[in-house]
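Undergrad: Provide a 3D model corresponding to the input given below.
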Amino acid sequence: QSAVVDILIVGGGLVGLSLAAALRGSPLSVALVDAQAPPPKPDKSLKARALVLNAGSVNYLKKLGVWSALAADATPLCAVHLSKQGCLARTRFRASDYDLDHFGHVIAADHLLYGMHHAVQDTLKIYHERKITSLQRSTEGWDLVFEDASTLQAKLIVAADGVDSFVRASQGIAVEVITD
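TA: Now for the predicted structure:
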């Protein structure tokens, strides 16, 4: 017999994990399916891709209740220098010029992903390293079949599985790729 959930989030990246965090405490049953393994604890000696979070994004993470676990790994962004190679013009903004302590924070992408995952892992069922092979509409919502032939039912599915979304493709939703 299939497990049944109210909301199934497909994709365990920052978008899927943010939604999972926002749904914590909801009376709805929520699960997340991710094709990847759980994110490993970040290695501080490695140089990871840096992300800049503006003040609005930090406030959103605070509202979700996850910022306190991330703040120690983030660096305040107090100045911004804009320039273009080969051009003499440049612009510099300092937060203090606008009576701000900072514009936002810089955090390593792997720290953010790990922190978001850690914040939600005990609040919902997460199916890691699970590939969906079939997704069909049913009278009750959606029926999923995994690669190992196990099944799951969901009343609502949220596609947060990235640019090559299985959910989008399986439902025939077209995408226009723009390259320039």
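
Undergrad: How about residues contacting the host helix or strand of residue 137?
TA: Assigned by DSSP states H and E, residue 137 belongs to strand 132-138. For strand 132-138, contacts defined as Cβ atoms under 8 Å, 6 or more residues apart in numbering pick out 10, 33, 142-147, 153, 157, 166-167, 170-171. From N, CA and C alone the C-beta is placed, and that goes for glycine too.

Undergrad: wait, residue 127 sits on residue 31?
TA: Yes - with contact taken as Cβ atoms under 8 Å, residue 127 and residue 31 are classed as touching, separated by 6.7 Å.

Undergrad: Need the overlap of contacts for the two.
TA: residue 152.

Undergrad: how about the strands of this protein, start to end?
TA: Here the chain has its strands, by DSSP state E, at 3-10, 30-34, 50-54, 74-77, 79-83, 90-94, 104-108, 125-128, 132-138, 141-146, 151-159.

Undergrad: so which of those strands is the most packed in?
TA: Highest mean neighbour count of the strands of the chain: strand 30-34, a mean of 24 (counted as mean count of other Cβ atoms under 10 Å).

Undergrad: need the contact list for the residue most central in space within the chain.
TA: Against the mean C-alpha coordinate of the chain, by Cα atoms, centre = their mean, the closest residue is residue 14 at 1.1 Å. By Cβ under 8 Å, 6+ apart, the contact set of residue 14 is 112-113, 116.

Undergrad: what does residue 155 give?
TA: Contact analysis of residue 155 by Cβ under 8 Å, 6+ apart lists 4-7, 140-142.

Undergrad: Same list (these) but as a markdown table, adding distance to residue 62 and pLDDT.
TA: Putting the contacts of residue 155 into a markdown table (distance: Cβ to Cβ, whole Å; pLDDT from 0 to 100) gives the following:
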| residue | distance to residue 62 | pLDDT |
| --- | --- | --- |
| 4 | 33 | 93 |
| 5 | 27 | 96 |
| 6 | 26 | 97 |
| 7 | 23 | 97 |
| 140 | 37 | 89 |
| 141 | 33 | 94 |
| 142 | 33 | 96 |
